[in-house]
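> Everything below, folded, please.
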Amino acid sequence: MLDSFDFNLADILWPVAVLVIGFFVYQGLQKAFNLSNKKESNLVLQKQITNIVFILLLIIIFVIALPIKDSIKNQIISLIGIVLSASIALSSATFLGNIMAGIWLRSVRNFRMGDFIKVQDMFGRVSGRGLLHTELQSIDRDLITLPNLFLATNPVTVMHSDGTIISTQLSLGYDVDHSVIEPVLIKAAEDAELDKPFVYIDSLGDYSVVYKVHGLAKDLKTTLSSRSALNRCVLDALHKAEIEIVSPTFMNQRQVNEQVFIPKKRNNHAKKDTDKPEDVIFDKADKASKLDEMKEQHNDLLQRMEKAKEAIKHAENDDVEQELKASYEKLQAREQQMAQFLESKLEEISREGKEGSSEKPSD
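Sure thing, here's the model as predicted:
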């Protein structure tokens, strides 16, 4: 075994030189990344990949520089290759699975940017889509990152683009006939600006009847506000009809001397706030949806430019050709402006909500 090593000073200096040079180059790379991080915050992945590749190359060069026989060098390098291949094979199963799931989700097109979706107990609007993951903005305005493989292997509920059913339920006593309650609940749904309202008698309890009122909300962007508005209108409608809403156990357990628990109507109602909570909760998802629509407009513009090019080639005379060229130049200027705007907005949205973002999102 000792015959494999040639112990002369010149051969030992080469491995040492490789380690020393590698150390200083590594320190230089770290300083370069630290300086870049001050200007741009999305270099973590690039830094990690660069460090891994550099260390791997340094190990291979160090082995080549060792004063040992070529056969042993080849065995060591082969061993490094086997270990690296095994590591990639074991870790790439989920990686490739997410890529294939991302391609499948895009081909199915069951949801797009800005859509409301629900997966298991997670609900929100789609604010970002990548090859490996999908980002949701929840009702708490937080960002949820879901692997595409998770979306491909779990049922995904997508709100219908033409509207979704909003509902609320409440329990009322048997002392009021359902023929009186149902029209009041339908009127409440109409006051909440819901289309095609209807009422279910959901269940018959020991002390109360459970009613459930439904209505179609066509504006998906205001579903949270619509639910709150429906609850508010149900309260107002029942109180106006002098129908008491109170727990049956509460009614049966204490003496109230036939008192009716309906709040007195006040004339000084607070001014309704015109700002919708969805504008704050789903701000990033709304921007992403608008950006996705603008991308489609940009693609349509590119197609129009291609048609304009063909029309210029087949122009009947010089006058027509000049007109077509002038029209094409306008389309080209508009396309360049739109492309620059899309690029800046895409970078802005990708940074929004992420830690260490150096820019604030614009309105």
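> going forward, measure contacts and count neighbours with C-alpha atoms only.
Fine.
> can you give me the strands in the stretch 151-300 of the chain?
According to DSSP state E, counting those that start in this stretch, the stretch 151-300 of the chain carries its strands in the segments 156-158, 164-173, 195-204, 208-217.
> Within the sheet, what are the partner strands of the first one, with directions?
By that I understand strand 156-158. In the sheet, strand 156-158 lines up against strand 116-119 (antiparallel) (DSSP bridges).
> Report the central residue of this structure.
Glu135 (2.6 Å; CA atoms, centre = their mean).
> Dump the strands of the stretch 151-300 of the chain to TSV, plus mean neighbour count and mean pLDDT.
Formatted as TSV, the strands of the stretch 151-300 of the chain follow (neighbours: other CA atoms under 10 Å; pLDDT from 0 to 100):
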stretch	mean neighbour count	mean pLDDT
strand 156-158	16	86
strand 164-173	18	87
strand 195-204	15	89
strand 208-217	20	89
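> Need those in TSV (columns: distance to Asp121).
As requested, the strands of the stretch 151-300 of the chain are exported to TSV (distance: least, CA to CA, whole Å):
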stretch	distance to Asp121
strand 156-158	11
strand 164-173	18
strand 195-204	24
strand 208-217	22
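> Which residues belonging to whichever helix in the chain runs longest are considered buried?
Counting by DSSP state H, the longest helix found in the chain is helix 70-108. Residues of helix 70-108 classed as buried by neighbour count (16 or more other CA atoms under 10 Å): 73, 77, 97-103, 105.
> Run the chain-centre distance for that helix.
From the chain centre to the centre of helix 70-108 is a distance of 28 Å (CA atoms, centre = their mean, to the nearest Å).
> quick one, phi psi at Asp142?
With angles defined as degrees, to the nearest 10, Asp142 sits at phi -80, psi 160.
> residues contacting it?
Contact criterion CA atoms under 8 Å, 6 or more residues apart in numbering gives no residues in contact with Asp142.
> Next, count neighbours for Met346.
Careful, residue 346 is Leu; it's not Met. 16 (other CA atoms under 10 Å).
> Not counting sequence-adjacent ones, nearest residue to it?
Leu291 (7.6 Å; CA to CA, 6 or more residues apart in numbering).
> So Gly173 sits against Leu204, correct?
No. In terms of CA atoms under 8 Å, Gly173 does not count as a neighbour of Leu204; the distance is 10.1 Å.
> who's in contact with the residue nearest to Leu346?
Leu291 neighbours (CA under 8 Å, 6+ apart): 342, 345-346.
> Can you tell me the closest non-neighbouring residue to Gly173?
Nearest to Gly173 is Ser208, by CA to CA, 6+ apart, at 4.5 Å.
> Relative to the helix or strand encompassing the residue nearest to the centre of the chain, what are the paired strands and their orientations?
Per DSSP states H and E: Glu135 is located in strand 133-138. If you go by DSSP bridges, strand 133-138 pairs up with strand 122-129 (antiparallel), strand 143-147 (antiparallel).
> Out of those strands, which is closest to Phe24?
Distance to Phe24, taken as CA to CA, is lowest for strand 143-147 among those, at 37.8 Å.
> Just checking the distance from the closest one to the centre of its chain.
7 Å.
> average pLDDT across it?
Strand 143-147 carries an average pLDDT of 88.
> hang on, the earlier thing: quick one: the contacts of Leu291 as TSV, columns for pLDDT too.
What follows is those, written out as TSV (pLDDT from 0 to 100):
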residue	pLDDT
Leu342	78
Lys345	75
Leu346	72
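> So, low pLDDT: which residues of this protein?
1-10, 36-45, 91-92, 246-284, 349-363 (pLDDT under 70).
> Now the phi/psi pair for His160, please.
Torsion angles, degrees, to the nearest 10, at His160: phi -60, psi 140.
> Ok, Ala192 next?
With angles defined as degrees, to the nearest 10, Ala192 sits at phi -80, psi 10.
> Now for Leu194, how many residues are close by?
Leu194 has 23 nearby residues by other CA under 10 Å.
> quick one: contacts for it?
With CA under 8 Å, 6+ apart, Leu194 has these contacts: 215-218.
> How about Ile103?
So Ile103 contacts Leu131 (CA under 8 Å, 6+ apart).
> neighbours around Ala326, how many?
12.
> Next: Ala188.
Quick note: Ala188 (other CA under 10 Å) scores 25 neighbours.
> Could you do Thr134 as well?
20.
> again with Glu321
Glu321: 16 neighbours (other CA under 10 Å).
> So it: helix, strand or coil?
Per DSSP: H, G, I helix; E, B strand; the rest coil, the secondary structure class of Glu321 is helix.
> Which parts of the chain are helices?
9-39, 44-65, 70-108, 148-152, 178-191, 223-240, 248-253, 278-281, 283-313, 318-351.
> between these, which one is nearest to Arg125?
helix 283-313 (5.8 Å).
> for the closest one, the distance to its chain's centre please.
Relative to its chain's centre, helix 283-313 lies at 22 Å (CA atoms, centre = their mean).
> Over to stretch 183-194?
Distance, stretch centre to chain centre, for stretch 183-194: 33 Å (CA atoms, centre = their mean).
> Could you check how far Leu194 is from Phe123?
Going from Leu194 to Phe123 by CA to CA, to the nearest Å gives 22 Å.
> Same check on Gln336?
37 Å.
> Between those two, point out the one with more neighbours.
Legend: neighbour count by other CA under 10 Å for Gln336 and Phe123, higher for Phe123 (18 against 12).
> domains for the chain, by residue range?
Domain ranges of the chain: 2-68, 164-275, 282-351, per automatic domain parsing.
> could these be laid out in JSON lines, adding distance to Gly81?
Below are the domains of the chain laid out as JSON lines (distance: least, CA to CA, whole Å):
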{"stretch": "domain 2-68", "distance to Gly81": "10"}
{"stretch": "domain 164-275", "distance to Gly81": "53"}
{"stretch": "domain 282-351", "distance to Gly81": "36"}
